[in-house]
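Asker: For reference, the sequence and a predicted model appear below.
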Amino acid sequence: MTQVMLADRAEIPRNTLNRKINVGVFNFDELRRIAGVTHRPLSSIIAMAEKLDTAENTIPALAESEMA
């Protein structure tokens, strides 16, 4: 699904959706609508966001040492 399709179906302006995907914060209602449009549980969307946040805040050398 493209961002344009998601924005239309979730009734979120496309430019707002794009900005929030890149650097913003979604509110609960927006996340609920995205979950409905994508037919995914809201909890799975939040879990994926938490994994991304953890990965972005991990120092590469530290992550490598933890895997050893």
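Answerer: Alright, I've got the coordinates.

Asker: Please count neighbours and contacts with C-alpha atoms only from this point.
Answerer: Will do.

Asker: Just give the number of residues close to residue 13.
Answerer: Using other CA atoms under 10 Å, residue 13 is surrounded by 12 other residues.

Asker: In the protein, where is pLDDT below threshold?
Answerer: For the chain, the stretches with pLDDT under 70 are 58-68.

Asker: try 90 this time
Answerer: Scanning the chain for pLDDT under 90 picks out the ranges 22-25, 48-50, 52-68.

Asker: any chance you could map the helices in it?
Answerer: 3-10, 14-23, 28-38, 42-56, 60-67 (DSSP state H).

Asker: Need the residue closest to the centroid of the protein.
Answerer: Centroid check for the chain by CA atoms, centre = their mean gives residue 49 as the closest residue, at 4.9 Å.

Asker: Quick check: the gap between it and residue 41.
Answerer: 13 Å (CA to CA, to the nearest Å).

Asker: Ok, residue 27 next?
Answerer: 16 Å.

Asker: Show me which of those two is the more surrounded one.
Answerer: residue 41 (12 against 9).

Asker: Now do the same contact list for the more buried one.
Answerer: Going by CA atoms under 8 Å, 6 or more residues apart in numbering, residue 41 touches residue 35.

Asker: quick one: it from residue 54, how far?
Answerer: In terms of CA to CA, residue 41 sits 20 Å off from residue 54.

Asker: Skipping its backbone neighbours, what lies nearest residue 34 in space?
Answerer: Of all residues not flanking residue 34 in the chain, residue 10 sits nearest, at 5.7 Å (CA to CA, 6 or more residues apart in numbering).

Asker: Just confirm the one you found contacts residue 33, I think it does.
Answerer: Yes: here residue 10 reaches residue 33: they are 5.3 Å apart, a contact under CA atoms under 8 Å.

Asker: Between those two, tell me which one has more neighbours.
Answerer: residue 10 (21 against 18).

Asker: That one and residue 41, how far apart?
Answerer: According to CA to CA, residue 10 stands 15 Å off from residue 41.
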